[in-house]
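A.B. asks: following is a predicted model, sequence given first.
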Amino acid sequence: MRYLTAGESHGKQLTTIIEGVPAQLRLLRDDINESLIRRQGGYGRGRRMKIEKDLVEITSGVRHGYTLGSPISLVISNDDFKHWTHIMGEEPIDSDTEIKRQITKPRPGHADLNGALKYNHRDMRNVLERSSARETAARVAAGSIAKIILKELGIDIVGYVKQIYQIEADDQSHLNINDKKKRSNESPVRTLDQKQEQAMMDAIDQAKKDGDSIGGIVEVHVEGVPAGLGSHVHYDRKLDGRIAGSVMSINAFKGVEFGVGFDAARRRGSQTHDEIGYDEDRGYYRATNRLGGFEGGMTTGMPIIIKGVMKPIPTLYKPLNSVDIDSKEPFQASIERSDACAVPAASVVMEHIVAWEVAVAILDQFTSDTMDQLKEAVSNYRERIRLF
Ligand SMILES: Cc1cc2nc3c(=O)[nH]c(=O)nc-3n(C[C@H](O)[C@H](O)[C@H](O)COP(=O)(O)O)c2cc1C
Ligand SMILES: C=C(O[C@@H]1CC(C(=O)O)=C[C@@H](OP(=O)(O)O)[C@H]1O)C(=O)O
């Protein structure tokens with residue numbers, strides 16, 4: 001399974017084309033929309049999210065609510081495009097107007113300057129339109145299909161905020177990933193302690209008031225994965241490596257860790273590795289899950305636990321020093337709008353990106369022309385490793 005995305009932030013639409021989804025998967029527009037709506041939410045976002053109402057149109061690959069096995073195309077319109085037709089239209093404009101509208105002031109922390117240098121764009125709009133995290137809507141749309149495949153196989157996945165700025169969610173906060181009875185139709189959620197939630201919102205408000213921005217840490221749990229997904233035999237088949245690369249590709253993500261992660265540097269082996277046990281019902285299991293569900297690039301069968309760190313948003317209302325690429329003079333830019341913090345939205349993005357990589361590993365490993373074949377193959381495999 002693979003996908004491509006296309007679309008500029010203020011262009012007409014985002015497009016995702018996904019190839020390799022098994023036939024006969026039940027797929028409804030509303031299931032994708034649920035994920036898109038979750039991504040748009042979260043405290044700290046700017047005015048743009050009030051303009052957009054991300055809803056998907058499925059334009060190929062699905063008939064009467066089921067996938068056909070052919071490429072699936074998904075379209076999300078940019079409602080903001082109507083305000084940008086003169087700037088983002090495809091028609092040529094006269095060179096005077098073009099020069100007047102050029103963006104020549106790169107923001108530290110964004111892709112503006114590097115993209116301009118590389119592609120020889122004097123107008124940095126040609127960079128920022130595609131480097132914008134607007135594109136994550138298209139990726140979440142793809143990931144929502146991966147999540148539906150995983151759900152059919154009894155695999156649940158949830159992403160949540162672990163830390164915003166200096167406020168950490170305490171480990172007692174309740175993760176109801178397996179509370180299926182109560183919330184059968186909803187995605188599993190982690191409920192933050194109300195005081196911590198308020199403290200996080202206060203930190204976002206304060207950063208905004210100061211013309212600044214903040215980042216944080218998000219965590220993703222995947223439960224119900226069988227042992228042995230991925231492979232040790234070649235570097236690019238190691239599933240933890242693939243997931244890490246994908247998480248790092250999310251806009252503004254600067255680090256990834258599995259299980260105890262960087263803390264392993266301060267631990268001894270006896271405090272790091274997970275002892276192996278066996279019982280007939282569960283098969284092989286681990287007494288602990290310090291390594292976050294991976295050994296040798298393969299799943300251990302324990303929950304996958306991954307953290308990703310997001311840096312503070314680069315566009316600042318009280319901007320940092322930079323240099324105008326035309327005049328070469330220093331400037332401090334005035335900003336129209338930006339998010340002050342997008343960590344809650346990023347937790348939804350990371351959840352879908354991890355779901356994608358896990359689903360790809362499963363489809364690589366098992367017969368998957370149809371959902372029935374896939375379910376049977378995964379079930380036979382689970383039984384084989386239980387008795388191994
Ligand atoms: C959900 C989400 C929303 C974002 N919103 C903004 C924003 O409003 N303004 C901004 O400057 N950067 C925003 N970013 C971050 C930039 O897209 C990102 O920093 C930029 O593309 C440069 O890439 P890099 O930080 O990965 O190096 C957002 C990121 C995410 C994941
Ligand atoms: C549009 C989205 O996020 C955008 C990501 C983004 C950036 O620079 O990454 C900048 C902002 O865009 P604008 O300049 O239009 O306000 C965010 O709103 C979205 O998440 O759907």
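C.D. replies: Yep, it's here. Ligands and ions are numbered 1, 2, ... in the order given.
A.B. asks: quick one: contacts for the residue lying closest to residue 387 once chain neighbours are set aside?
C.D. replies: In space, and not counting its chain neighbours, residue 387 is closest to residue 283: 7.5 Å by C-beta to C-beta, 6 or more residues apart in numbering. The way it works is simple: take the backbone N, C-alpha and C, and place the C-beta from them, glycine included. Applying C-beta atoms under 8 Å, 6 or more residues apart in numbering to residue 283 gives the contacts 227, 301, 385-388.
A.B. asks: what about residue 283, distance to residue 59?
C.D. replies: 43 Å (C-beta to C-beta, to the nearest Å).
A.B. asks: neighbours around residue 119, how many?
C.D. replies: Close neighbours of residue 119, defined as other C-beta atoms under 10 Å, add up to 9.
A.B. asks: can you pull the contacts of it?
C.D. replies: Contacts of residue 119 (C-beta under 8 Å, 6+ apart): 126-127.
A.B. asks: give me the pLDDT for it.
C.D. replies: Looking at residue 119, its pLDDT stands at 98.
A.B. asks: can you check residue 318 too?
C.D. replies: Looking at residue 318, its pLDDT is 89.
A.B. asks: sec struct for the closest residue to ligand 2 within the stretch 251-388 of the chain, please.
C.D. replies: The stretch 251-388 of the chain approaches ligand 2 most closely through residue 337 (4.8 Å), counting by C-beta to the nearest ligand atom. Under the three-state scheme (DSSP: H, G, I helix; E, B strand; the rest coil), residue 337 adopts coil.
A.B. asks: quick one: it from residue 47, how far?
C.D. replies: Separation of residue 337 from residue 47 (C-beta to C-beta): 5 Å.
A.B. asks: hang on, residue 352 is in a strand, isn't it?
C.D. replies: No. Under three-state DSSP, residue 352 sits outside any strand and is assigned helix.
A.B. asks: tell me if I'm right that it and residue 34 touch.
C.D. replies: No. Applying C-beta atoms under 8 Å, one finds residue 352 not in contact with residue 34, separated by 11.4 Å.
A.B. asks: overlap in contacts, these two.
C.D. replies: Common contacts of residue 352 and residue 34, defined by C-beta under 8 Å, 6+ apart, comprise residue 144.
A.B. asks: more neighbours, the two?
C.D. replies: residue 352 (26 against 15).
A.B. asks: spatially nearest residue to that one, not counting backbone neighbours?
C.D. replies: Using C-beta to C-beta, 6+ apart, the closest residue to residue 352 is residue 143 (2.6 Å).
A.B. asks: for that neighbour, what are its contacts?
C.D. replies: Neighbour list for residue 143: 35, 351-353, 355-356 [criterion: C-beta under 8 Å, 6+ apart].
A.B. asks: out of those, who's nearest residue 70?
C.D. replies: residue 356 (19.1 Å; C-beta to C-beta).
A.B. asks: next secondary structure element downstream of the helix or strand harbouring that closest one?
C.D. replies: Assessed by DSSP states H and E, residue 356 sits inside helix 343-365. Where DSSP H and E defines the elements, the next helix or strand beyond helix 343-365 is helix 371-387.
A.B. asks: can you show me the strands along the stretch 101-250 of the chain?
C.D. replies: Counting by DSSP state E, counting those that start in this stretch, the stretch 101-250 of the chain has strands at residues 156-164, 167-168, 174-175, 190-191, 216-223.
A.B. asks: any chance of those in JSON lines with mean neighbour count and mean pLDDT as columns?
C.D. replies: What follows is the strands of the stretch 101-250 of the chain, written out as JSON lines (neighbours: other C-beta atoms under 10 Å; pLDDT from 0 to 100):
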{"stretch": "strand 156-164", "mean neighbour count": "23", "mean pLDDT": "96"}
{"stretch": "strand 167-168", "mean neighbour count": "18", "mean pLDDT": "94"}
{"stretch": "strand 174-175", "mean neighbour count": "14", "mean pLDDT": "54"}
{"stretch": "strand 190-191", "mean neighbour count": "15", "mean pLDDT": "64"}
{"stretch": "strand 216-223", "mean neighbour count": "23", "mean pLDDT": "98"}
